[in-house]
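Visitor: Make a model of this:
(one chain, ligands or ions: 1)
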Amino acid sequence: MELTPKQQVIELIKKSSKILLLSHSNPDGDAFGSLLALYMVLKKLEKDVVAVIEDLKENFSFLPNFSELISEVKGSRDFIISLDIKEIKASKLSYNIEGDKLNIVISPQKGEFKPEDVSFSYGKWHFDLMIILDTADPEQLGKIYEENTHLFYEVPIINIDHHASNEYFGKVNLIDLTASSTCEILLGLIEALGKACKGSESALIDEDVATALLCGIITDTGSFQNLNTTPKSFTVAAQLIALGARQQEIVKNIYKKRSLTTLKLWGKILSKIKHDPLYRISWSVISKDEISEIGAQESEISGVIDELLTSVANSDIVLLLSERKDGIYGSIRTIKGVDATKLASFFNGGGHPEAAGFKITNASLEEALEKVLEKFKEFQKERLNLEELEKKKEVSEKLLEEKSVPKEEKKVEKINTEKKYPLLEKVLELERQEKLQDEDVE
Ligand SMILES: [Mn+2]
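Guide: Alright, predicted model coming up:
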């Protein structure tokens, strides 16, 4: 009988001893929560486990075992220096350290070794399993992937995620698109692992593991406010609280503790909100200079979109563009029925139906904003059938012209059509301005 992905994950974990856990760069509560929960569980199973994440964000440092996370895959492979001894045999091997240099000293039996007798290579990775959490595609691991690409070909990968854009890059893929978070998927897995290895579902879950898992669920559902919240999210959360998850500690650290720089940064972003009522899009931008002027970290940007920007009324799409070291980051939030992943895909991004993101490189903030708004407006034009509206506008325009209505009456017309034809209103406004200018010239 074929094993389910969950059973395959359990089998792979059982037979592995040195395990590397990874999650995406620019990590959120689900990344930290899933990483730490699984880290603690694997430790309980006496595995040699290393958990690596690129950005060790301070605001998650309240999570248990946070101090054991590292930000680089280090010392995971041997560097081998080989000497060809076919012709000349070595008689003695020693080493000494001279300042910053390690000298390996090889004495020949007779004759002389030449530089071309030496070659270099890498040993096998020390890991026998990698588990990648909450990550749709390995490139989202940032530097960890860029600097250790070989690792991803040589070591078997378990891919556990809930993003619709997941690329199924693992040897085993435990993907549940209906789950609110990776932490929600992990609870079932950890229970099964407990049953398989310790004979009881709750054997591996203590208050710390439950707290880490609940952190992922609370943050990914926006405290159970986002559309990805399902009855199962509540059931799992209730179960975790019953198991001792410290919900108040999570809420206090994540939602009730904001540094001054974060508040200033959010204030800046809020002060720059723009809204297009016709296309039903709201957006804001923040530049690299503005972030550094405030003295804030790039990571402090996350949160503002879910907590504040999405409250702008009459918006189907909310967009935040932030200029960072390695490009312009776009965050998208949408109302139900507007696919955020589709919008993100215009710029090779991805995510969830109502929360997605993308990155643009080689463009200024202004250029990026122009490009993105143009694409999003095009999308909304079709979706909201604005074409139709424009036709109506043309017809009304013609009628107005034919009637050659005096200025005063045009104003009345404007008021009457305001609600129905915002485009018409705009056109009339432009016309009026042009007229005024013409009059000035005359
Ligand atoms: Mn997640």
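Visitor: make it CA atoms for all contacts and neighbour counts henceforth
Guide: OK.
Visitor: closest point of the stretch 201-350 of the chain to the ion, which residue?
Guide: The nearest approach of the stretch 201-350 of the chain to the ion comes at residue 220, 5.7 Å away (CA to the ion).
Visitor: Hmm, residue 283 and residue 274 touching each other?
Guide: Yes. At 5.4 Å, residue 274 and residue 283 qualify as touching, with contact defined as CA atoms under 8 Å.
Visitor: Which stretches in the stretch 301-442 of the chain count as helices?
Guide: Secondary structure of the stretch 301-442 of the chain (DSSP state H, counting those that start in this stretch): helices at 304-307, 340-345, 365-383, 386-403, 407-417, 422-441.
Visitor: Residue 274 and residue 283: which has the busier surroundings?
Guide: Set residue 274 next to residue 283 and count neighbours by other CA atoms under 10 Å: residue 283 wins out with 25 against 15.
Visitor: picking up where we left off before, per-residue confidence for the residue of the stretch 201-350 of the chain closest to the ion?
Guide: Looking at residue 220, its pLDDT stands at 92.
Visitor: Show me this protein divided up by domain.
Guide: 5-74+126-253, 79-124, 260-383, 389-441 (automatic domain parsing).
Visitor: quick revisit: what's the least confident stretch among the helices of the stretch 301-442 of the chain?
Guide: helix 407-417 - the lowest mean pLDDT of the helices of the stretch 301-442 of the chain, at a mean of 49.
Visitor: Which phi and psi values does the residue of the stretch 201-350 of the chain closest to the ion adopt?
Guide: Main-chain dihedrals, residue 220, degrees, to the nearest 10: phi -70, psi -20.
Visitor: Could you report the distance from it to residue 331?
Guide: Applying CA to CA, to the nearest Å, the value for residue 220 to residue 331 is 14 Å.
Visitor: Next, count neighbours for residue 204.
Guide: Residues near residue 204, counting by other CA under 10 Å: 24.
Visitor: whoops, I mixed them up, residue 167
Guide: Residue 167 - counted by other CA under 10 Å - has 14 other residues nearby.
Visitor: got a pLDDT number for it?
Guide: Reading off the model, residue 167 has pLDDT 95.
Visitor: Now do the contacts for it.
Guide: 136, 137 (CA atoms under 8 Å, 6 or more residues apart in numbering).
Visitor: Does it fall in a helix, a strand, or a coil region?
Guide: coil (DSSP: H, G, I helix; E, B strand; the rest coil).
Visitor: and this structure, which of its residues are near the ion?
Guide: 30, 181 (CA under 5 Å from the ion).
Visitor: low-scoring stretches of the chain, by residue?
Guide: For the chain, residues meeting the criterion pLDDT under 70 lie at 75-76, 403-442.
Visitor: okay, the domains of the chain, which one's buried deepest?
Guide: Highest mean neighbour count among those (mean count of other CA atoms under 10 Å): domain 5-74+126-253, with a mean of 19.
Visitor: Endpoints of that one, how far apart?
Guide: 34 Å.
Visitor: Equivalent analysis for stretch 127-136, please.
Guide: 22 Å.
Visitor: tell me how far it is from the chain's mean position?
Guide: Centroid displacement of stretch 127-136 relative to its chain, using CA atoms, centre = their mean, to the nearest Å, is 16 Å.
Visitor: so who does residue 170 touch?
Guide: Taking CA under 8 Å, 6+ apart as the test, what residue 170 contacts is 156, 157, 158, 159.
Visitor: Point me to the helix or strand that includes the last one.
Guide: The one in question is residue 159. Counting by DSSP states H and E, the element that carries residue 159 is strand 157-161.
Visitor: Please list the outside residues in contact with stretch 346-364.
Guide: Taking CA under 8 Å, 6+ apart as the rule, stretch 346-364 contacts 163-165, 227, 326-336, 338-342, 344-345, 368, 375.
Visitor: show me what contacts the closest residue to residue 154 other than its chain neighbours?
Guide: Nearest residue to residue 154, sequence neighbours excluded (CA to CA, 6 or more residues apart in numbering): residue 125, at 7.9 Å. Neighbouring residues of residue 125 by CA under 8 Å, 6+ apart: 76, 77, 78, 151, 154, 155.
Visitor: which one of these sits closest to residue 400?
Guide: Nearest to residue 400 out of those is residue 151 (CA to CA; 69.6 Å).
Visitor: And the strands in the stretch 201-350 of the chain, which stretches?
Guide: 274-276, 281-286, 317-324, 327-334, 350-351 (DSSP state E, counting those that start in this stretch).
Visitor: can you redo those as TSV with distance to residue 29?
Guide: Shown next, in TSV, are these (distance: least, CA to CA, whole Å):
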stretch	distance to residue 29
strand 274-276	29
strand 281-286	23
strand 317-324	20
strand 327-334	17
strand 350-351	16
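Visitor: Just want the residue of the stretch 51-200 of the chain that's nearest the ion.
Guide: For the stretch 51-200 of the chain, CA to the ion, closest residue to the ion: residue 181, 4.5 Å.
Visitor: That residue contacts residue 214, correct?
Guide: No. Using CA under 8 Å, residue 181 is not in contact with residue 214; the gap is 9.8 Å.
Visitor: And residue 100, its phi and psi?
Guide: phi -90, psi 10.
Visitor: Tell me which residues are up against stretch 43-55.
Guide: 16-27, 35-36, 39, 42, 68-73, 141-144, 197, 204.
Visitor: can you pull the contacts of residue 230?
Guide: 179, 180 are the contacts of residue 230 under CA under 8 Å, 6+ apart.
Visitor: I'd like the distance between it and residue 218.
Guide: Distance of residue 230 to residue 218, computed by CA to CA: 12 Å.
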